[in-house]
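A.B. asks: Model the following, please.
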Amino acid sequence: MEERKELQELEELEPKRANLSLALLGNNEIGLLRTLDTGVVRELWGRTYNADGKPDWSHLYPYYHPDIVFQDSIQRIEGIEEFVGLCERLTQRCQSLHMQILSIAQNSNIILMDWIMTMAFTKYPPNPVYGSTKLTLHEDGRIIAQRDYFDLWGAILDGIPPLKTPYRRFMRRVFG
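C.D. replies: The predicted model follows:
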C-alpha cells in the first residue's frame, strides 16, 4: 500500500487544518475532505436534495469509504461502486426527491439523523417517507457503514388510497 504510506507522510508534513483531513480517495488519489460532523453532514446532505430537481450525490461520494456497506429495508450493498450505482438508479427513477433533516446527533464515530424524504415518480404524486439514518465513520473519517430505517410498506400503501386505511388499521391492531 504505497498510497497509504504516501498519505501518512503527507499527514506528517501537512499541519492539521480546522475541519479538514487528508484521505485516500478513489483511483488512489489523495485529497482533502472536511471532517464529518453533524454540521458538515447537514450541509452536505442539504446540497444533495432540492425541491425542484433530481438529487445529486456526486459531491458526497468522496466521503464514502471504498468498502462502504449500505443497508435499508430493501437491500444490502457492499462497495463504493455498488453504492454509486444504487444512487444513480434512484436518481433516474425519481422525478424529484427532497430530504429534510429533522434532527441530527453524533456520539464518537456514529452520526444519527431522522428525516422526511419526499419522492415523486412519474405516475404517482409526491409521497413523504419518514425515516432515520445511522452513519458509522471509519477511522479515516469516511463513512464505512450507512443503515437507513424507514417503513417501506407504509410509504407505498399510504400512496394508494384504497389500501391506506386497511394497512394502518392492520398495523394498529397487530403491532399497536
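A.B. asks: Nearest residue to residue 77 in space, please, no chain neighbours.
C.D. replies: Spatially, and ignoring its direct neighbours in sequence, residue 77 is nearest to residue 70 (4.4 Å; CB to CB, 6 or more residues apart in numbering). For the C-beta atoms, the positions are set from N, CA and C on the backbone; glycine is no exception.
A.B. asks: Where does that neighbour fall, secondary structure wise?
C.D. replies: Element membership of residue 70, judged by DSSP states H and E, is strand 64-71.
A.B. asks: got the buried residues for that strand?
C.D. replies: Across strand 64-71, burial judged by 16 or more other CB atoms under 10 Å covers 64-65, 68-70.
A.B. asks: ok, and the closest non-adjacent residue to residue 72?
C.D. replies: Nearest non-adjacent residue to residue 72, counting by CB to CB, 6+ apart: residue 148, 4.0 Å away.
A.B. asks: so what's the most centrally placed residue in the chain up against?
C.D. replies: The structure's the chain has its C-alpha centroid closest to residue 146; by CA atoms, centre = their mean the separation is 6.6 Å. By CB atoms under 8 Å, 6 or more residues apart in numbering, the contact set of residue 146 is 64, 68-71, 133-136.
A.B. asks: Which of these sits closest to residue 108?
C.D. replies: residue 136 (9.8 Å; CB to CB).
A.B. asks: any idea which helix or strand carries that closest one?
C.D. replies: Short version: residue 136 belongs to strand 127-137, going by DSSP H and E.
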